[in-house]
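Q: build the 3D model from these lines:
(one chain, ligands or ions: 1)
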Amino acid sequence: MSKSTLADLKIRPNQRVLIRVDFNVPQDDTGKITNDRRIRGALPTIRHVLDAGASAIVMSHLGRPKGDPKKDAVFKLDGVAARLRELLGTTIHKVDEVVGGQAKSAAQALKPGEVLVLENLRFHPGEQKGDADFALQIASLGDVYVNDAFGTCHRKDASMVAVPQAMAGRPRVVGFLVAKELDILAQLLSQPLRPLLGILGGGKVSDKIGFIKKMLSLVDKVLIGGAMSYTFMKAQGVGVGGSRVEADKLDVARELLELGKGKIVLPVDHLVVDKIDAPQTARVIEGGIPDGGIGVDIGPKTIASYGAEIQKAGTVVWNGPMGKFEDEPYSKGTRAVAAAMAASKAVTIVGGGETAEAVEEFGLAEKVTHVSTGGGAFLEYVEGTPFAALAQIDDRQ
Ligand code: 3PG
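A: Presented below is the predicted three-dimensional model:
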C-alpha cells in the first residue's frame with residue numbers, strides 16, 4: 001500500500017481523531033437501519049483510536065437529503081449513532097449540527113475513549129460543494145484525519161477532499177476498512193489467481209460500461225446474468241419477449257460483445273413469467289424468450305454451468321444480481337451464485353451495493369473472501385478512476 005494507514009501511525013492519548021466513515025446505510029421508510037454492515041466495517045478503526053486513549057469525531061453522510069427539514073428528518077444520524085453505541089458499548093455523543101458552536105464545544109469536551117458523531121454532513125450545503133470554509137471548520141476539530149469511508153472515496157465532497165487538504169501538516173491516513181479494500185483490489189487488479197472469472201448482473205449495461213470494459217481486459221471469462229443479459233441478447237438478434245431491455249444501448253452492447261468475444265457467456269435458459277407480479281406463471285425457457293414472456297432470473301441449466309465455472313476459478317469477482325432477487329420466487333439464480341462462491345476455494349470478491357446486500361441476506365457474507373462496502377466506489381476503482389480523496393492521504397514513508 002503506497003498510502004499511510006492507521007497501522008503506520010502512533011495515535012497519542014488525548015488526541016482528537018477525525019474519522020470520515022461511510023455510514024450511508026440502507027433504511028426502511030421509518031428510518032430504521034436495515035443493514036448495518038458499513039457501521040460494523042468501521043469498528044476496528046474506531047476501536048483502535050479509542051484503545052490508544054484518544055477520542056474519535058465521526059462524520060458521515062446518509063442518503064441524499066434535499067434541504068427540506070421535514071422530509072430530511074429520516075436522514076438524521078441519531079439512529080446511526082444509537083447503533084454505533086450498541087456495537088461499541090462506549091460513550092457516544094451526538095450533535096444536531098455539522099459545524100458551529102455546538103459541534104465545536106462537544107468536540108472540545110470529548111474525553112479519552114469517547115466518540116462524537118456529527119450530524120449528517122449533507123445537511124450542510126458546503127459538503128457537496130466541496131466548500132473550503134466549511135472544510136476549515138471541520139478540520140479545526142481534529143489532530144489527525146482518517147479516511148475510512150471506502151464507499152464514498154469516488155466523491156469529491158468536502159469531508160473527503162477539502163477537509164484532509166485543510167489538514168495538511170497533520171497526519172492524514174486511511175483506516176483499516178479502506179486499507180483492506182485497497183489491498184484486495186490491488187491483488188485483483190495486479191496479480192489475481194487464475195482463472196479469473198467475472199460475474200456481471202443487474203439491470204443496466206449503461207451503468208457499468210467502463211467497469212465491464214475493464215473486466216473484459218482483466219478476466220479469462222465473464223458470466224452475464226440479470227436484466228443486462230436481455231440487452232445483450234437483443235443486441236445479437238435473440239428474442240427477449242417483454243423483458244427489460246435498454247433499447248438505446250444495443251450498439252454499446254454489440255461493441256462490448258465484440259470486445260469480449262470468446263470471453264462473454266450469456267445465459268442459456270431463463271425463468272420467464274407473463275407478468276412480474278404473477279410468479280405462478282413462471283416457467284423455464286431455453287434460448288430466446290418468446291413474445292409475451294418476461295425474463296426474471298437465470299434458468300437451471302445456466303445455474304449449473306455458472307456453478308461449475310465458479311468451482312474451476314482461482315478468483316471470482318461478482319457484481320450485480322442474476323435476476324429480480326428481491327422477489328423470493330425469482331431469487332434462485334442469485335442465491336445459487338452466492339452459494340457457489342461461498343463453497344468455492346477461490347478468492348471470492350463481492351462488489352458492493354445490492355450484490356453485497358443479497359449475499360448478506362442469504363447469510364453467506366462471512367463465507368466469501370471479501371464483500372466490498374463500496375457500490376459506485378468499487379466499480380470506479382476497478383475501472384481505474386483516480387480518487388481525489390485518496391490523493392489527499394499522506395504517502396507512506
Ligand atoms: C454509496 O452508497 O455509494 C456512497 O455512500 C455514496 O453515496 P452517494 O452515491 O449518495 O454519493
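Q: pLDDT weak spots in the stretch 201-350 of the chain?
A: Scanning the stretch 201-350 of the chain for pLDDT under 70 picks out nothing.
Q: ok, whatever residue of it ends up closest to the ligand - how many residues close by?
A: Taking CB to the nearest ligand atom as the measure, the point where the stretch 201-350 of the chain comes nearest the ligand is Asp207, at 12.2 Å. Bear in mind the C-beta positions are built from the backbone N, C-alpha and C, glycine included. Per other CB atoms under 10 Å, the neighbour tally for Asp207 reads 15.
Q: Asp22 and the ligand, how far apart?
A: 5 Å (CB to the nearest ligand atom, to the nearest Å).
Q: that residue contacts Arg38, correct?
A: Yes. Counting by CB atoms under 8 Å, Asp22 touches Arg38, with 5.5 Å between them.
Q: these two: which has the busier surroundings?
A: Shown here are Asp22 and Arg38; by other CB under 10 Å, Asp22 has more neighbours (27 against 24).
Q: pull up the overlap in contacts between Asp22 and Arg38.
A: Gly151, Thr373 (CB atoms under 8 Å, 6 or more residues apart in numbering).
Q: and Leu266, how far is that from Lys111?
A: Distance, Leu266 to Lys111, by CB to CB, to the nearest Å: 59 Å.
Q: who has more neighbours out of these two?
A: Counted by other CB under 10 Å, Leu266 and Lys111 do not tie: Leu266 has more neighbours, with 17 against 9.
Q: can you pull the contacts of that one?
A: The contact partners of Leu266, by CB under 8 Å, 6+ apart, come to Ile224, Ser229, Phe232, Met233.
Q: what would those look like in TSV with neighbour count and secondary structure?
A: Compiled in TSV, these are given as follows (neighbours: other CB atoms under 10 Å; DSSP: H, G, I helix; E, B strand; the rest coil):
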residue	neighbour count	secondary structure
Ile224	28	strand
Ser229	29	helix
Phe232	24	helix
Met233	23	helix
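Q: want to throw these into JSON lines with distance to the ligand?
A: Output for the contacts of Leu266, formatted as JSON lines (distance: CB to the nearest ligand atom, whole Å):
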{"residue": "Ile224", "distance to the ligand": "23"}
{"residue": "Ser229", "distance to the ligand": "24"}
{"residue": "Phe232", "distance to the ligand": "25"}
{"residue": "Met233", "distance to the ligand": "29"}
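Q: from those, pick the one nearest Leu6.
A: Using CB to CB, Ile224 is the member of the contacts of Leu266 that lies nearest Leu6, at 38.6 Å.
Q: which residues does that closest one bridge with?
A: Leu200 (DSSP bridges).
Q: quick check, the residue in this protein closest to the ligand?
A: Closest point on the chain to the ligand, by CB to the nearest ligand atom, is Asn24, at 3.4 Å.
Q: surely that residue touches Leu62?
A: Yes. Using CB under 8 Å, Asn24 is in contact with Leu62, at 5.4 Å.
Q: the two: which is more packed in?
A: More crowded of Asn24 and Leu62, by other CB under 10 Å: Leu62, with 24 against 21.
Q: what's the burial count for Leu87?
A: Leu87 has 16 neighbours, counted by other CB under 10 Å.
Q: what secondary structure does Trp318 sit in?
A: Secondary structure, DSSP: H, G, I helix; E, B strand; the rest coil: Trp318 is strand.
Q: who does it form a beta bridge with?
A: Beta-bridge pairing of Trp318 under DSSP bridges involves Ile199, Val350.
Q: up against the ligand, what does the stretch 51-200 of the chain have?
A: Within the stretch 51-200 of the chain, the positions adjacent to the ligand are Arg64, Gly151, Thr152, Arg155 by CB under 6 Å from any ligand atom.
Q: so the third one touches Ala389, yeah?
A: In this case it means Thr152. Yes. When contacts are counted by CB under 8 Å, Thr152 is listed as touching Ala389 (7.4 Å).
Q: overlap in contacts, those two.
A: Counting by CB under 8 Å, 6+ apart, the residues touching both Thr152 and Ala389 are Met160.
Q: quick check: domain ranges of this structure?
A: For the chain, automatic domain parsing gives the domain ranges 6-176, 183-383.
Q: quick one: low-confidence parts of the stretch 51-200 of the chain?
A: Using pLDDT under 70, nothing in the stretch 51-200 of the chain is flagged.
Q: show me the strands in it, by range?
A: When assigned using DSSP state E, counting those that start in this stretch, the strands of the stretch 51-200 of the chain occupy the ranges 55-59, 92-94, 115-117, 144-148, 172-174, 196-200.
Q: please identify the most buried of the ones you listed.
A: strand 144-148 (a mean of 28; mean count of other CB atoms under 10 Å).
Q: elements contacting it?
A: If contacts are counted by 3 or more CB pairs under 8 Å, 6 or more residues apart in numbering; DSSP states H and E, strand 144-148 sits against strand 16-21, helix 37-51, helix 162-166, strand 172-174, helix 176-190.
Q: rebuild the ones you listed as TSV, extending it with distance to Glu246.
A: As requested, the helices and strands packed on strand 144-148 are exported to TSV (distance: least, CB to CB, whole Å):
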stretch	distance to Glu246
strand 16-21	34
helix 37-51	30
helix 162-166	36
strand 172-174	36
helix 176-190	27
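Q: nearest to Gln311, out of these?
A: Using CB to CB, the helices and strands packed on strand 144-148 put helix 176-190 closest to Gln311, at 19.2 Å.
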